[in-house]
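S.K.: Next one to model:
(chains A, B, C and D)
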2 protein chains.
Amino acid sequence: MNIGEAAASAGVPPKTIRYYEDIGLIAPAGRSEGNYRVYSEREVHMLRFVQRARSLGFTVQDCRQLLALYRDPGRASADVKAMAERRIQELDRKLAELTSIRQTLAGLVEHCHGDQRPDCPILADLAAADGPG
Amino acid sequence: MNIGEAAASAGVPPKTIRYYEDIGLIAPAGRSEGNYRVYSEREVHMLRFVQRARSLGFTVQDCRQLLALYRDPGRASADVKAMAERRIQELDRKLAELTSIRQTLAGLVEHCHGDQRPDCPILADLAAADGPG
DNA sequence: CTTGACCTTCCAGCGACTGGAATGCCCATC
DNA sequence: GATGGGCATTCCAGTCGCTGGAAGGTCAAG
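M.R.: Here you go, the predicted structure:
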């Protein structure tokens, strides 16, 4: 299997696969006679694993650890769980932040006429910059 | 006022001010005899404006537009409102995405023993990679 | 006159790719 | 055998919004 097919099958662009190889996230692929990278199902499986982890917001560093745990038959599930829980905590932090921003913006938008006149509480807030939020 | 004082007063690092000047977000500051950047209250005000806009998640490009609108006495508040609404839409998209990810992770965490044994539904999900979410 | 805090410029790096150029390989058709 | 198109290869540069650090200049205090 060439990189294009592996990429399609794993749901990542070919460039990303080369990048992952470059940074040592995945092992260097074997090569054909014409120097093309060659992939087996096993390697595509790993790529899918990474793709899925990334789509859940794990960093590439996290992926390294997750792959290591995945490959380690003597792993403790506690270690995986801890990683997921840390990730959830970060998500909660981010969600709180974005929610707060959203509230602030929504409040400002609500009070803005949104017509042809220049008076605008949104700009006023940005200019004042010591209100709440 | 030197850059350090301006920075403290606007709530941004000195490096960021130089960066903003570099990319043309704010006008080049005047210079002292010793080539130090010199800031007036007016310029600190602009910096605070940008800092506040950035803290609400507006991009630097957005800040350019917001500053332009702020400076334009003939602006229509509708334009500002539209920007804020677009931003809110983006936030909603992001919030939905993160919330969905959180749900998936929470579901996985819930089913993981988190003990010394290797069996782990989180890794199993990453490896399967065709479940929901 | 020295110390130390501030300032200057410039270059490099973060994370996680992504775009593009220049080149090479492979297969099919004429 | 030539040719064309679609793959592949490498390498460099850019994205976004800073941030760190090196090498040097300025300023006020002691």
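S.K.: Nearest to DNA strand D: which residue in chain A?
M.R.: Of all residues in chain A, A:Gly4 sits closest to DNA strand D, at 2.5 Å by CB to the nearest atom of the strand. (Glycine included, C-beta is placed from N, CA and C.)
S.K.: what about the residue lying closest to that residue once chain neighbours are set aside, neighbour count?
M.R.: Excluding its sequence neighbours, the residue lying closest to A:Gly4 (CB to CB, 6 or more residues apart in numbering or on different chains) is A:Pro14, at 5.7 Å. For A:Pro14, the count of nearby residues is 15 (other CB atoms under 10 Å in any protein chain shown).
S.K.: my guess is A:Pro14 contacts A:Met1, does it?
M.R.: No. Under the criterion of CB atoms under 8 Å, A:Pro14 is not in contact with A:Met1, lying 11.8 Å apart.
S.K.: can you give me the helices in chain A?
M.R.: For chain A, applying DSSP state H gives helices covering A:3-10, A:14-22, A:41-55, A:60-71, A:77-110, A:121-128.
S.K.: Need the residues that contact the third one.
M.R.: Here helix A:41-55 makes contact (CB atoms under 8 Å, 6 or more residues apart in numbering or on different chains) with A:1, A:6-7, A:9-12, A:17, A:20, A:25-27, A:29, A:39, A:60, A:62-63, A:66-67, A:70, B:101, B:125-127, B:129.
S.K.: same thing with the last one?
M.R.: Taking contacts as CB under 8 Å, 6+ apart, the residues outside helix A:121-128 that touch it are A:108-109, A:111-112, A:131, B:45, B:49, B:52-53, B:56, B:66, B:69-70, B:77, B:80-81, B:84.
S.K.: near DNA strand D, from those residues?
M.R.: Among the contacts of helix A:121-128, not one lies near DNA strand D by CB under 7 Å from any atom of the strand.
S.K.: Please name the residues that touch the residue of chain A positioned farthest from its centre.
M.R.: Using CA atoms, centre = their mean, the residue of chain A lying farthest from its centre is A:Arg117. It sits 41.6 Å away. Counting by CB under 8 Å, 6+ apart, A:Arg117 makes contact with B:Ala76, B:Ser77.
S.K.: per-residue pLDDT, the residue nearest the centre of chain A?
M.R.: Nearest to the mean C-alpha position of chain A, by CA atoms, centre = their mean, lies A:Gly57 at 3.7 Å. A:Gly57 is assigned a predicted lDDT (pLDDT) of 95.
S.K.: Kindly report the same for A:Ala128.
M.R.: Reading off the model, A:Ala128 has pLDDT 84.
S.K.: quick one: it from A:Pro121, how far?
M.R.: Between A:Ala128 and A:Pro121 the computed distance is 10 Å (CB to CB, to the nearest Å).
S.K.: Could you check how many residues crowd around the nearest residue to A:His113 once chain neighbours are set aside?
M.R.: Nearest non-adjacent residue to A:His113, counting by CB to CB, 6+ apart: B:Ser77, 5.4 Å away. Residues within reach of B:Ser77, counting by other CB under 10 Å, total 20.
S.K.: What residues does B:Ser77 make contact with?
M.R.: Counting by CB under 8 Å, 6+ apart, the residues that B:Ser77 touches are A:Cys112, A:His113, A:Gly114, A:Asp115, A:Gln116, A:Arg117, A:Pro118, A:Asp119, A:Cys120, A:Ile122, A:Leu123.
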